[in-house]
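**Student:** give me the fold of what follows.
(3 chains)
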Amino acid sequence: MPQYAITPLDPETAAAHLFHVRQVAPLVHCITNDVVQEITANVLLALGASPAMVIAPEEASHFAAIASAVSINVGTPRQDSLVSMHLAAKSARAHNIPWVLDPVAAGVLPWRDKQINGLLALKPTAIRANASEIRALAGVGAGGKGVDSTDSSESAVDAAVMLSQRTGAVVCVTGAVDYVTDGSKVLSVSGGSKKTTMVVGTGCSLSSMVAAYLAQTKHPLEAVASACALAKLAAQQAAGVASGPGSFKVAYIDALHLIQAKDFY
Amino acid sequence: MPQYAITPLDPETAAAHLFHVRQVAPLVHCITNDVVQEITANVLLALGASPAMVIAPEEASHFAAIASAVSINVGTPRQDSLVSMHLAAKSARAHNIPWVLDPVAAGVLPWRDKQINGLLALKPTAIRANASEIRALAGVGAGGKGVDSTDSSESAVDAAVMLSQRTGAVVCVTGAVDYVTDGSKVLSVSGGSKKTTMVVGTGCSLSSMVAAYLAQTKHPLEAVASACALAKLAAQQAAGVASGPGSFKVAYIDALHLIQAKDFY
Amino acid sequence: MPQYAITPLDPETAAAHLFHVRQVAPLVHCITNDVVQEITANVLLALGASPAMVIAPEEASHFAAIASAVSINVGTPRQDSLVSMHLAAKSARAHNIPWVLDPVAAGVLPWRDKQINGLLALKPTAIRANASEIRALAGVGAGGKGVDSTDSSESAVDAAVMLSQRTGAVVCVTGAVDYVTDGSKVLSVSGGSKKTTMVVGTGCSLSSMVAAYLAQTKHPLEAVASACALAKLAAQQAAGVASGPGSFKVAYIDALHLIQAKDFY
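**Tutor:** Now for the predicted structure:
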């Protein structure tokens, strides 16, 4: 069992990283699933980043090299998009550009797990997933129900630390509380709203925000946790004004744009 | 001409099926078109179901077997997704899992009609479509204008009954009034709002709600009509608060989540 | 350097073209990118047009021939969709149906530029793009940052006029002010809101509105500028009520539906 202490992310750090990502205004190269294309782009725009969904194998390597960060999500893999994911991840590595892996539904389907392992071998800078997915990647637990987690995020902290140690990636497991680890330290992020799980793409688009926060940072652990902190705060604000999941999504995107560094204090 | 009486769906049945689908919380495997991926997922989440868009041919058969229901929509068919649709439909049949066909734009394009007929041969549990599509599938009428119906739903009731008798599927034709038939009985569902036609995916996502309602039910005719009743009631509530199609969509998804069984009385 | 005078579009013309497009209720065949499918369909529905995303190579030619206009956007090109784009564009030309090209990210990636040039050779009726893209197509300027323009629209007016003269297309460069030219006259459209750039697909869906406005018109220059005028007015109204990009998008689609011809005066 790994040894570690869990420290809550402090508001100063969350504020500093939000300020930083807006200064950088990163160009985020996304190869993501069919369902969350629009919300991913809108979340990145609300944050202050520039999304670019460049998915052709003929362009993926070239574009990853000029992007600030790369975000790869295996929700709806195709033969051509899998090729693009590999090319983009390799290109990002070669050019010292951070790239994030979102291993949607890891542990549920054997063919998908094989694809995910192929991408893991390309050394993502960070992995963002739910508890069931992280446990499956770490080799513990039996996978979730489809794309939704059946485990609490607490139950995946050990798995996250082990996965981080094995892969070298910052590992982020999101849930009621988010946990982010570099294999030795673990940061926790509280807050948020249960309504987040009723809107498709809040998790997937967070992975792309994680990529944005990793652009030009020297503190990847804190950057990833700060992306989670923004999502949590935006969800909390949205839950306060929304009457259902439709209006929650609208308010969440508004909040991502309106939240300022000082709002973390 | 088929003989049948048309009976309005009673509120007790609509209420009981809504309660049931929320108890089951079905995992709905969707292979749907490019345009409606997000609204379909959000509609299912608002209802209380778990959407999973598993579209790779390598996974479709495996995943359909562990899903509670399968929803197939031919709006934007591709060579690979058509293979996945066939694999998922066959797997659903083999495992006694209900599957729903949404034959978008049937009767407009010859190649598409061939694909739709290939799927019809795999015996869907239910078919949900507009009047022009149902008439085209039944071999009467000349098809719609693109994806929109040019016929009233009333004009397709005979065709729906014939199609149900020929295929064994519960057939649902939606419009100003919805009609649902198992080839002998016909249920009607009134209410709703014309604004529904101004938001893309309200019909396609209803097909996926139909799939959700069919999970673990012994009363498929009533289950399908009850899915329509929820959509009609949510549309009616949304129309009361929306100023245009943008806010209608938001309010419709809110309403799908907020409506309780008692609201049908 | 081209010689031309810039004339603001007059409100009577914008009003007349809005009235006309709603009378025609055009069926718009869209082959667009993965990210903007839903907003494109909803924008066209809000306008009063019928969107149809027919993307299979087996159907593209057939469907373009029965559509009122065709809209092609190269945001996320695939081998099969590129084939469909060529077939649809050729079919549109052959049947005297207007077609619009949206050359997303022109000037950034060599492979994409080759695809765009292949489509340009099929003689679009209109081209709608941002300043960086228009400058790249005209052979001046160095391209944008990903999909976002790094140039002001003013800086691309010369390029737009040259591109129009070379291709015979009406060329529309959108930005803080929109400029539309047929190679001799230039119309300008002011108004709008900066918030437009924080919602993905506002530009891409405008290209599809341009296609709708071109259906059955004898005045393509004014039709294209009038589509821009509707977008500008809707954005201005939306900005007045929105608190962030989420609510801006909702209000923008509402406004597209609610604006009447008289509102331009």
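**Student:** stretch A:99-119 near chain B anywhere?
**Tutor:** Yes. Remark: stretch A:99-119 sits within contact range of chain B at A:A105, A:V108, A:L109, A:P110, A:W111, A:R112, by C-beta under 8 Å from any C-beta of the partner chain. C-beta: built from backbone N, CA, C; applies to glycine.
**Student:** ok, now stretch A:243-262?
**Tutor:** Yes. Residues of stretch A:243-262 contacting chain B under C-beta under 8 Å from any C-beta: A:S243, A:G244, A:P245, A:G246, A:S247, A:K249, A:V250.
**Student:** quick one on the thing from earlier: buried subset of the residues of stretch A:99-119 next to chain B as a PyMOL selection?
**Tutor:** Applying 16 or more other C-beta atoms under 10 Å in any protein chain shown to the residues of stretch A:99-119 next to chain B, the buried members can be selected in PyMOL as follows:
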select buried, chain A and resi 105+108+109+112
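**Student:** and the residues of stretch A:243-262 next to chain B, which are buried?
**Tutor:** A:G244, A:P245, A:G246, A:S247, A:K249, A:V250.
**Student:** turn those residues into CSV, columns for pLDDT and secondary structure.
**Tutor:** Formatted as CSV, those follow (pLDDT from 0 to 100; DSSP: H, G, I helix; E, B strand; the rest coil):
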residue, pLDDT, secondary structure
A:G244, 98, coil
A:P245, 98, helix
A:G246, 98, helix
A:S247, 98, helix
A:K249, 98, helix
A:V250, 98, helix
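**Student:** near chain C, from those residues?
**Tutor:** A:K249, A:V250.
**Student:** give me the low-pLDDT residue ranges for the stretch 51-200 of chain A?
**Tutor:** A:141-150 (pLDDT under 70).
**Student:** ok, which stretches of it are helices?
**Tutor:** Remark: helices assigned in the stretch 51-200 of chain A by DSSP state H, counting those that start in this stretch are A:57-66, A:79-94, A:110-120, A:131-138, A:157-167.
**Student:** if we can go back for a sec, will you turn the buried ones among the residues of stretch A:243-262 next to chain B into JSON lines that also has distance to C:A65?
**Tutor:** JSON lines is the format used below for these (distance: C-beta to C-beta, whole Å):
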{"residue": "A:G244", "distance to C:A65": "43"}
{"residue": "A:P245", "distance to C:A65": "41"}
{"residue": "A:G246", "distance to C:A65": "38"}
{"residue": "A:S247", "distance to C:A65": "42"}
{"residue": "A:K249", "distance to C:A65": "38"}
{"residue": "A:V250", "distance to C:A65": "39"}
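**Student:** how near is the closest residue to A:R166 other than its chain neighbours to A:M198?
**Tutor:** Excluding the flanking residues, the one nearest A:R166 by C-beta to C-beta, 6 or more residues apart in numbering or on different chains is A:A138, at 7.7 Å. Counting by C-beta to C-beta, to the nearest Å, the gap from A:A138 to A:M198 is 27 Å.
**Student:** who has more neighbours, these two?
**Tutor:** A:A138 (23 against 20; other C-beta atoms under 10 Å in any protein chain shown).
**Student:** residues in contact with the residue nearest to A:E59 when sequence neighbours are not counted?
**Tutor:** For A:E59, ignoring the flanking residues on the chain, the nearest one in space by C-beta to C-beta, 6+ apart is C:L109 at 5.0 Å. Taking C-beta atoms under 8 Å, 6 or more residues apart in numbering or on different chains, we find C:L109 in contact with A:V54, A:E59, A:H62, A:F63.
**Student:** residues of chain A that sit close to chain B?
**Tutor:** Checking chain A against chain B by C-beta under 8 Å from any C-beta, the hits are A:33-39, A:75-79, A:105, A:108-112, A:145-148, A:197-201, A:242-247, A:249-250.
**Student:** quick check, nearest of the buried ones among the residues of stretch A:243-262 next to chain B to A:S205?
**Tutor:** Using C-beta to C-beta, A:K249 comes nearest to A:S205 of these, at 10.5 Å.
**Student:** tell me, how many residues neighbour A:K114?
**Tutor:** A:K114, neighbours per other C-beta under 10 Å, totals 10.
**Student:** check A:I97 too.
**Tutor:** The number of residues near A:I97, taken as other C-beta under 10 Å, comes to 24.
**Student:** can you name the residues that contact it?
**Tutor:** So A:I97 contacts A:A64, A:A65, A:A67, A:S68, A:A69, A:V70, A:S91 (C-beta under 8 Å, 6+ apart).
**Student:** only whichever of these are buried, select them in PyMOL.
**Tutor:** Typed into PyMOL, the next command selects the buried ones out of the contacts of A:I97 (criterion: 16+ other C-beta under 10 Å):
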select buried, chain A and resi 64+67+68+69+70+91
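**Student:** what is the nearest of the contacts of A:I97 to chain C?
**Tutor:** A:A67 (7.6 Å; C-beta to the nearest C-beta).
**Student:** please enumerate the strands of the stretch 101-250 of chain A.
**Tutor:** Applying DSSP state E, counting those that start in this stretch to the stretch 101-250 of chain A gives strands spanning A:126-130, A:170-174, A:178-181, A:186-189.
**Student:** quick one: contacts of the second one?
**Tutor:** The set of residues external to strand A:170-174 that reach it, using C-beta under 8 Å, 6+ apart, is A:125-131, A:134, A:153, A:156-157, A:159-161, A:163-164, A:178-183, A:203, A:206, A:210, A:220-221, A:224-225, A:228.
**Student:** repeat for the third one
**Tutor:** Applying C-beta under 8 Å, 6+ apart, the external contacts of strand A:178-181 come out as A:4, A:6, A:9, A:153-154, A:156-157, A:160-161, A:164, A:170-173, A:186-190, A:192, A:221, A:224-225, A:228, A:232.
**Student:** for ChimeraX, write a command that selects the buried ones of those residues.
**Tutor:** To isolate the buried ones among these in ChimeraX, judged by 16+ other C-beta under 10 Å, type:
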select /A:4,9,153,156,157,160,161,164,170,171,172,173,186,187,188,189,192,221,224,225,228,232
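**Student:** on that earlier part again, identify the farthest-apart pair in the contacts of C:L109.
**Tutor:** Largest pairwise distance in these, by C-beta to C-beta, is 8.5 Å, between A:V54 and A:H62.
**Student:** between those two, which one's more packed in?
**Tutor:** A:V54 (29 against 19).
**Student:** for the nearest residue to the more buried one once chain neighbours are set aside, give me its contacts.
**Tutor:** In space, and not counting its chain neighbours, A:V54 is closest to A:F63: 4.2 Å by C-beta to C-beta, 6+ apart. The contact partners of A:F63, by C-beta under 8 Å, 6+ apart, come to A:H29, A:A52, A:V54, A:A88, C:V108, C:L109, C:G146.
**Student:** for chain A, which residues are neighbours of chain C?
**Tutor:** Residues of chain A lying near chain C (C-beta under 8 Å from any C-beta): A:27, A:34, A:37-38, A:41-42, A:45-46, A:50-56, A:58-59, A:62-63, A:66-67, A:80, A:249-258.
**Student:** quick one: which of these sit in strands?
**Tutor:** Residues of the residues of chain A next to chain C located in strands (DSSP state E): A:L27, A:S50, A:P51, A:A52.
**Student:** wait, the third one touches A:L45, no?
**Tutor:** Yes. The criterion here is C-beta atoms under 8 Å, and A:P51 meets it with A:L45 at 6.5 Å.
**Student:** what touches both of these two?
**Tutor:** C:V200.
**Student:** the two: which has the busier surroundings?
**Tutor:** More neighbours surround A:P51 than the other of A:P51 and A:L45, with 28 against 20 (other C-beta under 10 Å).
**Student:** which residues touch the more buried one?
**Tutor:** Contacts of A:P51 (C-beta under 8 Å, 6+ apart): A:V28, A:C30, A:T40, A:A41, A:L44, A:L45, A:S208, C:G146, C:V147, C:V200.
**Student:** quick one: which of these is nearest chain B?
**Tutor:** A:T40 (10.3 Å).
**Student:** confidence score at the closest one?
**Tutor:** The per-residue pLDDT reported for A:T40 equals 98.
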